[in-house]
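could you work out the structure for the sequence below:
(chains A and B)
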2 protein chains.
Amino acid sequence: MNTDPLNIVFHGQNATNFRPGFEALIEPQHRISDLSDGLDQPGERTLYENADVVIGIQLNNTMPQPLRARLFHAPAAGTDAISTALLPAQCVLANCFGHENAIAEYVMASLLMRHVPLVRADQDLRQGRWTFWAGRPTALRTEMGAQTLGLLGLVVVSLPFTNSTQGLVDARAISAMRPDAVLMNVGRGAVIEEKALYEALKARQIGGAVIDTWYQYPTPTQSECTPSKFDFAALDNVLMTPHMSGWTAGTVRRRQETLAENIGRLSRGEALIHVLHGPR
Amino acid sequence: MNTDPLNIVFHGQNATNFRPGFEALIEPQHRISDLSDGLDQPGERTLYENADVVIGIQLNNTMPQPLRARLFHAPAAGTDAISTALLPAQCVLANCFGHENAIAEYVMASLLMRHVPLVRADQDLRQGRWTFWAGRPTALRTEMGAQTLGLLGLVVVSLPFTNSTQGLVDARAISAMRPDAVLMNVGRGAVIEEKALYEALKARQIGGAVIDTWYQYPTPTQSECTPSKFDFAALDNVLMTPHMSGWTAGTVRRRQETLAENIGRLSRGEALIHVLHGPR
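Below is the predicted model of the structure:
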């Protein structure tokens, strides 16, 4: 079945991650253009304004408007940076998931790491030291399976950032946790109150934390930065990772499949999936 | 129900691991004695020879014989060091499991570690470097869920050491593996041919290995040693751990429960569980 060709634009660096091999996932008559974040290269503004499908994570009033778009598709779950007021009336906003497996592996790996001391065992045995040898009483380790897991969202703190989740885990919530509890955040940093988290860890009020989502992030002009105004790096009871839990080749592939599925549905006039907004 | 008292001996250092809290698991009329590995302290030989139940991992012809024993119970799965010919006719040999959960966590942790770079991510972010930040193309990691797992035994190489498993994985078997395959051994070292494994890793014929069970172990007179006559420590594609996969507080507790269950059954005249041998 050949349908009308669609003009598809991949907008910006983030969308570029989902570009390799994308032709193979959609019908051949569609046209794909790759546009820079600034939309300031020759012809980019026109391509953006005339696109049928925009794949991107940002739309604000400093940018041209995608006046003809029928589908604005974020290749991500979060669409906070896409101003729906700027979408034309006929346009649908959709998002992508596909990061669930990746996050599950991150959660399991970081929880297991607290119980199975592989790094130190390997370092020691390379020097002939059998520190964790079965049968040595001092080698006994704990089991993850014996722990209690508290869920806030799907698992662990995995809530998105909204008005109702901001600061949901505050000093009072943390003080209600067990002294050996480990707080993990793979949702959005601001769901856990920054100062309360830092002070609870510093005072060893809880057992520790695994923090993947933060309070400060790199920007286009500053590629590296500290993740908080508090000195989490000085604490030994926190595992600090850079918002990486969902970022795998599998996530990219599954999101590409969602994008391609919606492009196929749009070109055949079928109902779209993962719709968040529109048409008006 | 009060039954006849049994004389129970815990023999040697290994059995000592299963001793704390054991009274609480059995009926109060039984008598427990703790004996050294050498059975050479005053009264130990008599206690051993008159025991109804021996908990230990060793019986050979340099030792006194447990002439009155009705149950010789290894607090471990392997009973290679217990000579059944030396057990009296009325005696049953039993073993323990309970390490399955612990090994499963070790296997998951060491496999996940290859895919989720938590240690480096944490080291870098503490210095403000967002190396594995989602969206950075160079940060994309792989997923364990996308891998193929080959099983030899229950999972991975988890076979016990017997005549038929010795050297089962030899150079020919390794050469049949995919070049990106990772070989994991949590069973017994000798199931994988030592030289073939070392040479395949050194030549990067396979992707890597996770080795928990080895070819050389510490002895009572030498508490630390290299785990092989080959220099595995010089290889960067092997994770080396000291036969630790099953050794957790949970394993000890579950094995204590098996030991206590069999002591209860023996004292009530019921059929024992996990019986490997006897009575004759």
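
pLDDT wise, what is the residue nearest to residue A:65 when sequence neighbours are not counted at?
Leaving aside its sequence neighbours, residue A:65 sits nearest to residue A:86 (CB to CB, 6 or more residues apart in numbering or on different chains; 5.9 Å). Just so you know, the C-beta spots here come from the backbone N, C-alpha and C atoms, and that holds for glycine as well. Model confidence at residue A:86, given as pLDDT, is 95.

following the helix or strand of chain A with the lowest mean pLDDT, which helix or strand shows up next?
Scoring the helices and strands of chain A by mean pLDDT, DSSP states H and E places strand A:156-157 at the bottom, with a mean of 62. Stepping forward along the backbone from strand A:156-157, the first helix or strand reached (DSSP states H and E) is helix A:171-175.

measure the residue nearest the centre of chain A to residue A:99 for me?
For chain A, residue A:246 is the residue whose C-alpha lies nearest the centre (CA atoms, centre = their mean; 5.4 Å). Distance, residue A:246 to residue A:99, using CB to CB, to the nearest Å: 3 Å.

next: residue A:268.
Relative to residue A:99, and taking CB to CB, residue A:268 is found at 27 Å.

who has more neighbours, the two?
It is residue A:99, of residue A:268 and residue A:99, that has more neighbours when counted by other CB atoms under 10 Å in any protein chain shown, with 22 against 11.

tell me who's in contact with that one.
Neighbouring residues of residue A:99 by CB atoms under 8 Å, 6 or more residues apart in numbering or on different chains: A:77, A:245, A:246, A:247, A:248, A:251, A:254, A:255.

now list the buried members of these.
Among these, those classed as buried by 16 or more other CB atoms under 10 Å in any protein chain shown are A:245, A:246, A:247, A:248, A:251, A:254, A:255.

near chain B, from those?
Contacts with chain B within the buried ones among the contacts of residue A:99, counted by CB under 8 Å from any CB of the partner chain: A:245, A:246, A:247, A:248.

would you confirm that residue A:201 belongs to a strand?
No: if the criterion is DSSP: H, G, I helix; E, B strand; the rest coil, then residue A:201 is helix and not within a strand.

local confidence estimate at it?
For residue A:201, the predicted pLDDT is 96.

residues near it, how many?
22.

grab the nearest non-local neighbour of it.
residue A:235 (5.2 Å).

ok, then the element right after the helix of greatest length in chain A?
Selection of the longest helix in chain A by residue count, based on DSSP state H, yields helix A:249-267. Proceeding N to C from helix A:249-267, the next assigned helix or strand is strand A:275-277, under DSSP H and E.

for the stretch 151-280 of chain A, what are the low-confidence residue spans?
A:151-154, A:156-163 (pLDDT under 70).

contacting residues for the closest residue to chain B within it?
For the stretch 151-280 of chain A and chain B, the shortest gap (CB to the nearest CB) falls at residue A:247, measuring 3.6 Å. Neighbouring residues of residue A:247 by CB under 8 Å, 6+ apart: A:99, A:102, B:132, B:133, B:134, B:135, B:139, B:140, B:141.

give me the buried subset of those.
A:99, A:102, B:132, B:133, B:134, B:135, B:139, B:140, B:141.

from the residues you listed, which has minimum pLDDT?
Lowest pLDDT among the buried ones among the contacts of residue A:247: residue B:135, 78.

just to revisit the earlier point, so of the contacts of residue A:247, which ones are in helices?
Going by DSSP H, the helices hold residue A:102 from these.

which one of the contacts of residue A:247 is nearest residue B:169?
Within the contacts of residue A:247, proximity to residue B:169 (CB to CB) peaks at residue B:141, which comes in at 28.5 Å.

just give the nearest non-adjacent residue to that closest one, would you?
Using CB to CB, 6+ apart, the closest residue to residue B:141 is residue A:248 (5.1 Å).

ok, now which ones touch that neighbour?
Residue A:248 sits in contact with A:99, A:101, A:102, A:105, B:115, B:140, B:141, B:142, B:143, where contact means CB under 8 Å, 6+ apart.

mind doing that once more with 10 Å?
Neighbour list for residue A:248: A:98-99, A:101-103, A:105-106, A:254, B:115-116, B:134, B:139-146 [criterion: CB atoms under 10 Å, 6 or more residues apart in numbering or on different chains].

now swap in residue A:68 and tell me
A:7, A:48, A:49, A:50, A:51, A:52, A:54, A:88, A:90, A:91.

and the last one, what pLDDT?
In the prediction, the pLDDT value recorded for residue A:91 is 94.

list the buried residues of the longest helix of chain A.
Applying 16+ other CB under 10 Å to helix A:249-267 flags A:250-252, A:254-256, A:258-264, A:266-267 as buried.

repeat for stretch A:4-16
Of all the residues in stretch A:4-16, those buried under the rule 16+ other CB under 10 Å are A:6, A:7, A:8, A:9, A:10, A:11, A:12, A:14, A:15, A:16.

those residues also near chain B: which ones?
A:14, A:15, A:16 (CB under 10 Å from any CB of the partner chain).

for those, which one is nearest chain B?
Among these, and counting by CB to the nearest CB, the member closest to chain B is residue A:14, at 5.1 Å.

quickly note the distance from that closest one to residue A:36.
12 Å.

residue A:211 too?
From residue A:211 over to residue A:36 (counting by CB to CB), the distance is 32 Å.

which of the two has more residues huddled nearby?
residue A:211 (27 against 12).

and stretch A:19-36, how far apart are its ends?
13 Å (CA to CA, to the nearest Å).

cool, and stretch A:223-238?
Start-to-end, stretch A:223-238 (CA to CA) is 23 Å.

show me the strands in the stretch 1-150 of chain A, by range?
Ranges of strands within the stretch 1-150 of chain A are A:7-11, A:31-35, A:53-55, A:71-73, A:92-94, based on DSSP state E, counting those that start in this stretch.

name the strands paired with the first one and say parallel or antiparallel.
Which is strand A:7-11. strand A:31-35 (parallel), strand A:53-55 (parallel) (DSSP bridges).

now do the longest one: distance to the chain's middle.
In terms of CA atoms, centre = their mean, to the nearest Å, the centre of strand A:31-35 is set 24 Å apart from its chain centre.

so which bits of that strand are buried?
A:32, A:35.

what is the orientation angle of that strand with helix A:249-267?
Going by axes from the mean of the first three to the mean of the last three CA atoms, to 10 degrees, strand A:31-35 is angled at 130 degrees with respect to helix A:249-267.

state the mean pLDDT of strand A:31-35.
Rounded mean pLDDT across strand A:31-35 is 96.

outside of it itself, list whatever touches it.
Under CB under 10 Å, 6+ apart, the answer for strand A:31-35 is A:5-12, A:15-16, A:19, A:22-23, A:26, A:41, A:43-45, A:47-48, A:50-56, A:263.

try 6 Å
A:7, A:8, A:9, A:10, A:11, A:44, A:47 (CB atoms under 6 Å, 6 or more residues apart in numbering or on different chains).

for the fifth one, which non-adjacent residue is spatially closest?
What that stands for is residue A:11. Using CB to CB, 6+ apart, the closest residue to residue A:11 is residue A:56 (3.5 Å).

tally of neighbours for the one you found?
24.

verify the stated contact: it with residue A:9.
No: counting by CB atoms under 6 Å, residue A:56 stays clear of residue A:9, with 7.7 Å between them.

who in the stretch 1-150 of chain A is up against chain B?
A:14, A:17, A:101, A:105-106, A:108-110, A:112-113, A:116, A:118-119, A:121-122, A:125-126, A:128-130, A:132-135, A:137, A:139-141, A:143-146 (CB under 6 Å from any CB of the partner chain).

now intersect these with the helices, please.
Per DSSP H, the residues of the stretch 1-150 of chain A next to chain B map to helices at A:14, A:101, A:105-106, A:108-110, A:112-113, A:118-119, A:121-122, A:125-126.
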